[in-house]
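Undergrad: Fold the following, please.
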Amino acid sequence: MSTNHEVVFTNGGSVELRGKLVPMDVKVEKKAGNKLVTAIRNLEGLGMDPAEIARELQQVVGATVNVREEPGGQHSVTVQGDQTKLLDKFFFQTLAMPKKFVTGLEKPGKKG
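TA: Residues are numbered from 1 along each chain as shown. You can find the predicted model right below:
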């Protein structure tokens, strides 16, 4: 017997997911030189549309936001710079997402 979960969004929409819920992962990664990007992975595992989240994040952070395909067919969202403080506010206050569904934002950076 598989486990089903219903994820309810603040806009009133919901999606039903099967199997174990894997938390979204947020990491600051170093690219060429001293450039930093904040990568957000496993949005689809929580029933979120990466393209829609990227559009909303671009307005919130005011920086370049990209959606790219990862191995295995999943998509990740990358945001220019260390945006952990703004992402903390976006996911936990704006979207009212429970903290147990996001890893990597336990100690948001000083920037933002």
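Undergrad: do you know how far the spatially most central residue of the chain is from Ile53?
TA: Averaging the C-alpha coordinates of the chain gives a centre point, and the residue nearest to it by CA atoms, centre = their mean is Ile40 (4.3 Å). As judged by CB to CB, to the nearest Å, Ile40 and Ile53 stand 7 Å apart. Just so you know, the C-beta spots here come from the backbone N, C-alpha and C atoms, and that holds for glycine as well.
Undergrad: Between the two, which contacts overlap?
TA: Common neighbours of Ile40 and Ile53 are listed as Val77 (criterion: CB atoms under 8 Å, 6 or more residues apart in numbering).
Undergrad: Could you find the closest non-adjacent residue to Arg68?
TA: Spatial nearest neighbour of Arg68, excluding adjacent residues (CB to CB, 6 or more residues apart in numbering): Ser76 at 5.8 Å.
Undergrad: Please look at the one you found and Ala39 and confirm they touch.
TA: Yes - if you go by CB atoms under 8 Å, Ser76 and Ala39 touch, sitting 5.5 Å apart.
Undergrad: tell me the contacts of Pro50?
TA: Counting by CB under 8 Å, 6+ apart, Pro50 makes contact with 43-44, 67, 75-77.
Undergrad: quick one: average pLDDT of stretch 42-58?
TA: On average, the pLDDT along stretch 42-58 is 90.
Undergrad: swap in stretch 96-111?
TA: Across stretch 96-111, the per-residue pLDDT values average to 77.
Undergrad: closest to Phe101 among the contacts of Pro50?
TA: When the contacts of Pro50 are compared for distance to Phe101, the smallest value, 10.6 Å, is given by Leu43; criterion: CB to CB.
Undergrad: quick one: the closest one and Gln93, what's the gap?
TA: Leu43 is 18 Å from Gln93, where distance means CB to CB.
Undergrad: These two - which one has more neighbours?
TA: When neighbours are counted by other CB atoms under 10 Å, Leu43 comes out ahead of the other of Leu43 and Gln93, with 21 against 9.
Undergrad: That one and His75 touch, don't they?
TA: Yes - checked against CB under 8 Å, the pair Leu43 and His75 is within contact range at 7.1 Å.
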